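Chemist: How does the following fold in three dimensions:
(2 chains)
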Amino acid sequence: MMGFLQSGLDSLPGVAAMMQFKPPAASSIADSVDQLYLMLTGITIFFSVLIFSIIFYFMLKYRRKSPGESGTETHTPMMLELTWTIIPSLICVVLFVWSSSLYVRNGRPPNSSTEIFVIGKQWMWHLQHPEGPREINELHVPVGVPVKITMTSQDVIHDFYIPAFRVKKDVLPGRYSQIWFQPTETGTFHLFCAQYCGTNHSQMIGWVYVMSPTDYATWLAGGEKTESMAQQGERLFSQFGCGNCHSPEAAGHAPSLAGIYGKPEKTQNGETRVVDEDLIRQAILVPNSVHLPNYQPIMPTYQGQIDEEQMLQLIAYVKSLGSEERMNGK
Amino acid sequence: MSTAIAEAEIHETPAESGVNYLNVTYGIKSWLLTLDHKRIGLLYLGSITLMFFVGGMAAVLMRLHLVEPQGALFEPETYNKMFSTHGIIMVFFFLVPSIPATLGNFLIPLMIGARDVAFPKLNLMSWYLYITGAAFALYATLSGGVDTGWTFYPPYSSLYSHTHVVTVALGVFIAGFSSILTGLNFIVTIHKMRAPGMTWFRLPLFIWAMYATSLIFVLGTPVIAITLFLLGMERILHVGIFDPSVGGDPLLFQHLFWFYSHPAVYIMILPGMGVVSELITAFSRKKIFGYAFVAFSSLSIAIISFIVWGHHMFVTGQSIYAGLVFSVLSFLVAIPSAVKVFNWTATLYKGSISYEAPMLYALGFIGLFTIGGLTGLFLAALATDVHLNGTYFIVAHFHYVMVGGAVMAYMGGLHFWWPKITGRLYPDLWARIAAAIIFIGFNLTFFPQFVLGYLGMPRRYAIYPSEFQVLNVMSSAGASILGIGYIIPLIYFIWSMRYGPPAGPNPWGAKGLEWTTQSPPLTENFETIPIVTEDAYNYPSEGAHV
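Modeler: Modelled structure (predicted):
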């Protein structure tokens, strides 16, 4: 029992050096979030001090002087009640507009973002770059470039949290969630799982390495040569026999997938959905729920045959079909 | 004049006969089969005190563990069970029943001039339901525990956890019926059993708060019951409501869970607000400032509380528009809360203020609730919530509201009505010292956690990066002080039951029907049902009276 107390005391000389009140702010949105945080802190301090001062003043001024004493009746002026209802309301409106506009502005990734794919599982982060390299509990990104992260979970709910970037999003099984950030300085930053996910939740942590573009290019080129995610996806595409129906040569069986990513498509039940990661995933796992009106619902389900990593590679392949067509055709 | 006569009458008759609700019958059976709302209140008091110390012990062990970054005491698995046990016991088996089931049960009939609640047998049954639920929870804890957190999020809780999820969920499910029936009982009692002349706007504000709380009990608790039932079905039969691999949706659980659990926050704080309204008026000997505003703010808080649940889910990936709507509604709930704080503060103006222990708790409540409420704005704001959600900032915020607010008020209420409940006084000096220790220990425990959260330390971490150690050590030191602060009242309360000097019917010189009857009251509460002719808190005004 004394051991840990002792070591707690040993760390006291370092207290001053270790005391910090602000996390590193290393992304394009971090400063704007911090400004709002500072304003909220200011409001909290102002109203706390105001209330405390008034209470202390009244406590001293109106303390009971004799045991039989009573208070003096005061009436309730309507104007006062309205004032302290309206002023907090106005402050809340300002805060709401401020925070919401930040949130909406920060919500959508720029089109120029590079993509990285993440799979959370008990209790580690699997990350893959489109160029092919895989990482576990480490993420290398270039400084100054917007990065879009597409995430899913293989088991329970996790949460991808990089405090220095002020970004956080739950990572759910069975669907894709996305966040983006643009690192503004090089360095090493914490990556945490921020949604309790079981026994080793607190060890589901890692590091984000923000590198200069040249360092990043060197890092990407180094290590063993791997296929890109799209190439890996292409291999899976033929391995699972997808091309038997979905390739242009096998006309008639199934819709061509070239350029389908990002396009709005009308499904059998009449709703129009933009083809995104979630829709491709659904089309592979539960095909009949989203099949296109002019085709027979004959595609078999691949539920249980394709793992989350392969799924992301297949999606990368389908997405690359779009980009090839754009490059070739338009 | 008239009050003096009324008090004289009460002094004569029952007090001299010496019969009261405590000594009218003896034996274990007379307690376990009692239909007296006051005795049932005491049954709850004993049971929730036990649960409080079980949950508190888990908290102290957690804080000791976190003195070292690598964890000083337990394996992560054990730590996870500690915080789960702490949360489940404190929320469902202490905070939710705390003020309503003990003080509410004891005081509602006394305050409105009734002889009992509307359905005394239902009231006893509620306690048995609570005890049954608590037994399940304690059994699960002792036989290996549960590690899902008090939030039971699937698919972890439904598919992956190997602990006693179903047992605990069943316990919470059963205890939920205790809440529903208590709420029902209180609503009917307040509607139908008020003494002649006790109009709605003469009711003490504690009754308004209990009424608002009861509405949430009745409307909200069935939802958590259904949610936990579905979770049990999912875990046992794998029906696929929450499991995405068979077409379910794990977020559905979170929507259902917070649809109850956010209003549940107000189940915990509204009764505290009611208690504080009583304490502030009694110790300033003055009418409450803005009676109608304080009363209606309780109701509006209860109503708004049902439409803000989505703010627990800003980072789950709900749509931007849902986020915006829940954000603005969450800001809205700040306003009636602010109105209450301002009115309490204004009540002190020109009062005749004394500082016995209950008043210290009430003032502590206002201060800590102010900080707890204002830090809620950080979490209603979308942009900052994204950073702070799931960190220690959240832990600090809700402990300022739940412990700094609800538990402070509960302690204040217990100290205020203790002489009425037991007929005896406790040592006021010790009570003041304990209140100060609790206040200091509380702030030392939870203030550093705001900073930890902003720095990015996630909650529910058994092991943490060493740069967070200093703040964690401060927090743990505070928790030890807080623990001592809670043990002192336990000692002097037990002491006072036997050795405390007799309190008399009204030791504080307070207004309210409960102070017009003897201490401890008769089983029937009043010799004759009082007739109410004045507003609440009608203290003789200095200017008018002398």
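Chemist: Next one: B:Val333 from B:Leu270, what distance?
Modeler: As judged by CB to CB, to the nearest Å, B:Val333 and B:Leu270 stand 12 Å apart. (C-beta placed from N, C-alpha, C; glycine too.)
Chemist: what is in contact with the two at once?
Modeler: Counting by CB atoms under 8 Å, 6 or more residues apart in numbering or on different chains, the common neighbours of B:Val333 and B:Leu270 are B:Ile301.
Chemist: Settle it for me: which of the two has more neighbours?
Modeler: The neighbour count for B:Val333 versus B:Leu270, taken as other CB atoms under 10 Å in any protein chain shown, is higher for B:Leu270 (31 against 24).
Chemist: Give the rounded mean pLDDT of the helix or strand where the more buried one lies.
Modeler: Counting by DSSP states H and E, the element that carries B:Leu270 is helix B:250-284. Average pLDDT, helix B:250-284: 95.
Chemist: so after it, what's the next helix or strand?
Modeler: Using DSSP H and E, the next helix or strand after helix B:250-284 towards the C-terminus is helix B:291-304.
Chemist: in that next one, what counts as buried?
Modeler: With burial defined by 16 or more other CB atoms under 10 Å in any protein chain shown, the residues of helix B:291-304 counted as buried are B:Tyr291, B:Phe293, B:Val294, B:Ala295, B:Ser297, B:Ser298, B:Leu299, B:Ser300, B:Ile301, B:Ala302, B:Ile303, B:Ile304.
Chemist: Of these, which ones also sit close to chain A?
Modeler: Restricting these to those within reach of chain A (CB under 8 Å from any CB of the partner chain) leaves B:Tyr291, B:Phe293.
Chemist: of all the buried residues of helix B:291-304, which comes closest to B:Ile421?
Modeler: For the buried residues of helix B:291-304, the minimum distance to B:Ile421 (CB to CB) is 24.0 Å, reached by B:Ser298.
Chemist: wait, that closest one sits on B:Leu270?
Modeler: Yes: using CB atoms under 8 Å, B:Ser298 is in contact with B:Leu270, at 5.8 Å.
Chemist: If we only consider the buried residues of helix B:291-304, which is nearest to chain A?
Modeler: Chain A lies nearest to B:Phe293 out of the buried residues of helix B:291-304, by CB to the nearest CB, at 5.4 Å.
Chemist: gap between that closest one and B:Gly405?
Modeler: Distance, B:Phe293 to B:Gly405, by CB to CB: 19 Å.
Chemist: same deal with B:Ala462?
Modeler: Taken as CB to CB, the span from B:Ala462 to B:Gly405 is 28 Å.
Chemist: Ok, B:Leu219 next?
Modeler: Note on B:Leu219: its distance to B:Gly405, by CB to CB, is 22 Å.
Chemist: More neighbours: those two, which one.
Modeler: Legend: neighbour count by other CB under 10 Å for B:Leu219 and B:Gly405, higher for B:Gly405 (28 against 16).
Chemist: Per-residue confidence, the more buried one, what does it come out as?
Modeler: B:Gly405 is given a pLDDT of 95.
Chemist: Nearest residue to it in space, ignoring adjacent ones along the chain?
Modeler: Excluding the flanking residues, the one nearest B:Gly405 by CB to CB, 6 or more residues apart in numbering or on different chains is B:Phe369, at 4.2 Å.
Chemist: Which pLDDT value goes with the one you found?
Modeler: On pLDDT, B:Phe369 comes in at 96.
Chemist: cool, B:Thr3 as well?
Modeler: So B:Thr3 comes in at 42 (pLDDT).
Chemist: related to what we said a few turns ago, can you pull the contacts of the residue nearest to B:Gly405?
Modeler: For B:Phe369, the contact set (CB under 8 Å, 6+ apart) comprises B:Ile269, B:Gly272, B:Ser337, B:Val341, B:Tyr400, B:Val401, B:Gly404, B:Gly405.
Chemist: Tell me the spacing between the first one and B:Phe369.
Modeler: Taken as CB to CB, the spacing of B:Ile269 relative to B:Phe369 amounts to 8 Å.
Chemist: Equivalent analysis for A:Ser28, please.
Modeler: Counting by CB to CB, the gap from A:Ser28 to B:Phe369 is 37 Å.
Chemist: Ok, B:Trp430 next?
Modeler: Distance, B:Trp430 to B:Phe369, using CB to CB: 25 Å.
Chemist: any idea where the strands of chain A begin and end?
Modeler: Ranges of strands in chain A, per DSSP state E, are A:114-121, A:124-128, A:134-136, A:138-142, A:147-153, A:158-162, A:167-171, A:177-181, A:187-193, A:206-211, A:264-266, A:272-274.
Chemist: Noted, bye for now.
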